[in-house]
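> What follows is a protein structure lacking sequence information:
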């Protein structure tokens, strides 16, 4: 089966300091990412701040343009679409944003925010009240909130509005950019539960961006681990044990809710290097417990292993 | 929030209430000048020239024997209409330029910013005088001159607001729905940016009344016999020792109106809690 | 022996009572976890112990806070100043706001020991560098002269911990010390704090909403809900068999290692606001095991073998 979304060699540079008397410096936020997202799957992208996962999310939806590489959605290269066609294409691919507090215009009521997708796409809605009730019901929002303003809602309710807005146009593909990172743990679990149910009922395809490896393990079918703009490991089964030392460090950083499984935390040496000044070898080498001189000189390529497992490491762990 | 309830809240503060009363009176004078004025503002009566304030003429008469109070009431019409028209043009043009510069950025933004910064560095009166020297005198000319003189202020303010709002997640979210530039600008950016610009426009109206009076004082504005507060003061300077009321009453009218506008604007700024956003300029 | 005993503490702010009868003990050499969602009163409890309620217009209306035999609720501000920073230290959530951006970090640590221990300048510097090394800050001598903006978030939080330790306190309160940090750094900071308590035998109150962190680090747990203690017990007992449905729900919010898909449930609804606490048990509107009595009667505190619980499922009403 052909993948729904396919990324090929996706790269994005950001320039800074191009001002007067400041040398222009270029940072590669996303570096040569290739990835197929099969229909109906949940692909998780995990990494820490600065790893390029949020930039990747925006590249996939072409909210920002790629420096090089392509994104294909259902066979169409969305980088090559003229603006009008791209705007129409957006019906199919939506996003849920990290910060529900600023994802809704403060001057919009929930009703207006949820009807805006139809207005933007110039889709006539025969019975707006019924459509609104249906949307709010889908995400577990009380219809009595329709005339509230965002500031009158709790964080969890706002994120439900964000999800309802993303679902309004019946998209097939959702990018979830850390949808629970700014919520309380109890609300995080609610939202994850809601997203699981929606995926099951509507047959959606998700790209789930997160810093929380345990959440990706739980929620996703496949896991992509990023470090400083590069994919370092792809696990075809999210619950497989990662073999890249960085992915392993991420996994060991999660504490189980079980005192019998207490961990001894490995102290990673050093700091995350500046993305403006990456070392020539493996980007993780300076912090890696298994690094050798080879790692500092030669950048490991992402190589395909058994059953679709991919890893970029000279010394993968057992 | 209903606008009416909000305004009634502003009016209930001492500053807001007192200034609102004065402003309402000035606006009533301007709207109903022919009904309110006791005499025709243009009828001269040389025997009755320079009559001091009294029962027949509450504010006295000028050097041509024209009723000063009637002229001040009609002058409110000239001052307010010139200032309001000029500032309205300026606000609309400034918001358009500022929103486009802030939203699209690039070369257009750099050109707009350069021009705006250049005009910003000169006082408004200098720009207005320069423009009148080019396009000539008269009411239309000073409206154009004043609106261009204040353009920089609103362009800068709108641009700053739009630049700050442009990075909000809800803008990205709207683009992601497939919205075009017009939808983003008119449905999201401008509605969220407009409040401080409107308040700044209100405060600028006070300044524009002074600017209009100044230009009138130099004889560049409304041409006789149309009364304007500035030209009335100008003619009063010659009589300042014989008939000081000729210069005093129009001066008081200007001062009272401008102070009231500033006080009311100040009350609005506090009620809307936008002092910081105005300072971004 | 308990170093800090909080008994029946009630806090009022104006006519509101955000804390209602909170009791617990903190012992030397132990880590006490104070857990709950946002709005449960965790941070307010910390402020009450630090004597900072006056700053937000609140006061301890009844109950007592006994620290090393000294009653804190009636302590005058000058006497409190002798205690704060010297015997009780606070590590706050955001390291960026705890450090003065214009002062070298070394000088900020030195200041604490000079002020509270009366050390000379060179002695204070030697002590600070020693502390930094103990907290595994690399190249401590050089970093002693650095400014806060030159450090990463994780390093800054270590500096804040060093400042807390500089006066050799008996009790440290850490208010969500890792929420602002990256996952791998979070784990390391938790590990550093565990080691710090073990090595120095001080008492630590760790405020968190993450039951994974509790399981990893804490000896005892106090579960707060809407200003009241729901349950308190040893970490082992609470994870082996929690007695309050709220505790069980909180534990269920963190995906466990082998959590089956679709089983992460979260807790429905949100924490009630102090403006409108429900009658009876405050958790009853969100509780899956609610009974009629829960809606009207405040549950009594029932002793357990190693702790206590306030739930109608476990005993008679008050």
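Noted; the coordinates are in hand. Just so it is clear, the structure is predicted and the values come from calculations on it, not from any experiment.

> Tell me where the stretch 51-200 of chain C has strands.
C:58-67, C:70-71, C:88-91, C:171-175 (DSSP state E, counting those that start in this stretch).

> SS state for the closest residue to chain A within the stretch 151-300 of chain C?
Closest to chain A within the stretch 151-300 of chain C is residue C:266: 2.9 Å, counting by Cβ to the nearest Cβ. From N, CA and C alone the C-beta is placed, and that goes for glycine too. Following DSSP: H, G, I helix; E, B strand; the rest coil, the label given to residue C:266 is coil.

> I'd say it and residue A:189 touch.
Yes: using Cβ atoms under 8 Å, residue C:266 is in contact with residue A:189, at 2.9 Å.

> So for the two, which residues contact both of them?
Here residue C:266 and residue A:189 have C:252, C:253 as joint contacts, going by Cβ atoms under 8 Å, 6 or more residues apart in numbering or on different chains.

> where does residue 151 fall, phi/psi-wise?
Just so you know, I chose chain A. phi -70, psi -10 (degrees, to the nearest 10).

> which residues touch it?
Contacts of residue A:151 by Cβ under 8 Å, 6+ apart are residue A:106.

> Check the gap between it and residue B:194 for me.
Using Cβ to Cβ, to the nearest Å, residue A:151 is found at 19 Å from residue B:194.

> Next: residue B:41.
38 Å.

> Settle it for me: which of those two has more neighbours?
Set residue B:41 next to residue B:194 and count neighbours by other Cβ atoms under 10 Å in any protein chain shown: residue B:41 wins out with 21 against 16.

> got the residue ranges for the helices in the stretch 201-318 of chain C?
Taking DSSP state H, counting those that start in this stretch, the helices of the stretch 201-318 of chain C run over residues C:211-217, C:235-240, C:245-251, C:292-296.

> so how far is the first residue of stretch C:230-238 from its last?
In stretch C:230-238, first residue to last residue: 12 Å (Cα to Cα, to the nearest Å).

> again, but for stretch A:264-276
33 Å.

> same thing with stretch A:70-85?
From its first residue to its last, stretch A:70-85 covers 17 Å (Cα to Cα).

> So for that stretch, what gets flagged as buried?
For stretch A:70-85, the neighbour count (16 or more other Cβ atoms under 10 Å in any protein chain shown) marks A:71, A:72, A:73, A:74, A:78, A:79 as buried.

> count of residues packed around residue C:248?
Residue C:248 has 16 nearby residues by other Cβ under 10 Å.

> ditto for residue C:111
16.

> Tell me how far the residue nearest to it when sequence neighbours are not counted lies from chain B.
Distances taken as Cβ to Cβ, 6 or more residues apart in numbering or on different chains put residue C:124 closest to residue C:111, at 7.8 Å, once the chain neighbours are dropped. Look at residue C:124 and chain B: by Cβ to the nearest Cβ, to the nearest Å, they are 40 Å apart.

> what do you get for residue C:167?
For residue C:167, the distance to chain B - Cβ to the nearest Cβ - is 38 Å.

> residues touching that residue, list them.
C:85, C:86, C:87, C:89, C:112, C:113, C:115, C:116, C:117.

> correct me, but the first one touches residue C:111?
What that stands for is residue C:85. No: counting by Cβ under 8 Å, residue C:85 does not reach residue C:111; the two are 10.0 Å apart.

> Looking at the residue nearest the centre of chain C now. What's its pLDDT?
Central residue of chain C (Cα atoms, centre = their mean): residue C:207, 2.7 Å from the mean position. pLDDT recorded at residue C:207 is 95.

> One more: residue A:267?
Residue A:267 is given a pLDDT of 76.

> Same check on residue A:18?
57.

> ditto for residue C:149
According to the prediction, residue C:149 has pLDDT 86.

> and it, what does it touch?
Contacts of residue C:149 by Cβ under 8 Å, 6+ apart are residue C:101.

> From residue C:155, how far off is it?
On the measure of Cβ to Cβ, residue C:149 and residue C:155 end up 11 Å apart.

> repeat for residue C:229
For residue C:229 relative to residue C:155 (Cβ to Cβ), the value is 36 Å.

> Next SSE downstream of the longest helix along chain B?
When chain B is parsed with DSSP state H, its longest helix is helix B:68-104. Under the assignment DSSP states H and E, the closest C-terminal helix or strand after helix B:68-104 is helix B:106-120.

> Taking their axis directions, that next one and helix B:68-104 sit at what angle?
150 degrees (axes from the mean of the first three to the mean of the last three Cα atoms, to 10 degrees).

> Do me a favour and average the pLDDT over helix B:106-120.
92.

> Check what pLDDT residue 82 gets.
Looking at chain A here, since you left the chain open. 94.

> my bad, chain C
Confidence score, pLDDT, at residue C:82: 88.

> before we move on, what about residue C:316?
55.

> Where does the prediction get shaky in the stretch 201-318 of chain C?
Where the stretch 201-318 of chain C drops to pLDDT under 70, the residues are C:316-318.

> Pick the most deeply packed of the helices of the stretch 201-318 of chain C.
Per residue and on average, the most neighbours among those fall to helix C:211-217, with a mean of 25 (mean count of other Cβ atoms under 10 Å in any protein chain shown).

> Can you add distance to residue C:81 and give the helices of the stretch 201-318 of chain C back as TSV?
Formatted as TSV, the helices of the stretch 201-318 of chain C follow (distance: least, Cβ to Cβ, whole Å):
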stretch	distance to residue C:81
helix C:211-217	30
helix C:235-240	34
helix C:245-251	36
helix C:292-296	44
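
> Please name whichever of those helices is nearest to residue A:249.
helix C:211-217 (15.6 Å; Cβ to Cβ).

> follow-up on the earlier one: identify the residues contacting the residue nearest to the centre of chain C.
Per Cβ under 8 Å, 6+ apart, neighbours of residue C:207: C:34, C:35, C:42, C:43, C:45, C:46, C:173, C:174, C:175, C:176.

> swap the cut-off to 7 Å and go again
C:34, C:42, C:43, C:46, C:174, C:175, C:176 (Cβ atoms under 7 Å, 6 or more residues apart in numbering or on different chains).

> again with residue A:162
A:96, A:97, A:100, A:103.

> for it, helix, strand, or coil?
helix.

> Can you find the residue of the stretch 101-250 of chain B that comes nearest to chain C?
For the stretch 101-250 of chain B, Cβ to the nearest Cβ, closest residue to chain C: residue B:169, 19.4 Å.

> hang on, isn't that residue packed against residue A:97?
Yes: counting by Cβ atoms under 7 Å, residue B:169 touches residue A:97, with 5.1 Å between them.

> Give me the common contacts of these two.
residue A:103.

> So between these two, which is more surrounded?
residue A:97 (26 against 19).

> For that one, which non-adjacent residue is spatially closest?
residue A:103 (4.3 Å).

> ok, that neighbour - contacts?
Here residue A:103 is in contact with A:97, A:162, B:169, B:170, B:173 (Cβ under 7 Å, 6+ apart).

> can you give me the offset of whichever helix or strand the fourth one is part of from its chain's centre?
Of the helices and strands defined by DSSP H and E, residue B:170 is found in helix B:169-176. Mean C-alpha position of helix B:169-176 versus that of the full chain (Cα atoms, centre = their mean, to the nearest Å) differs by 36 Å.
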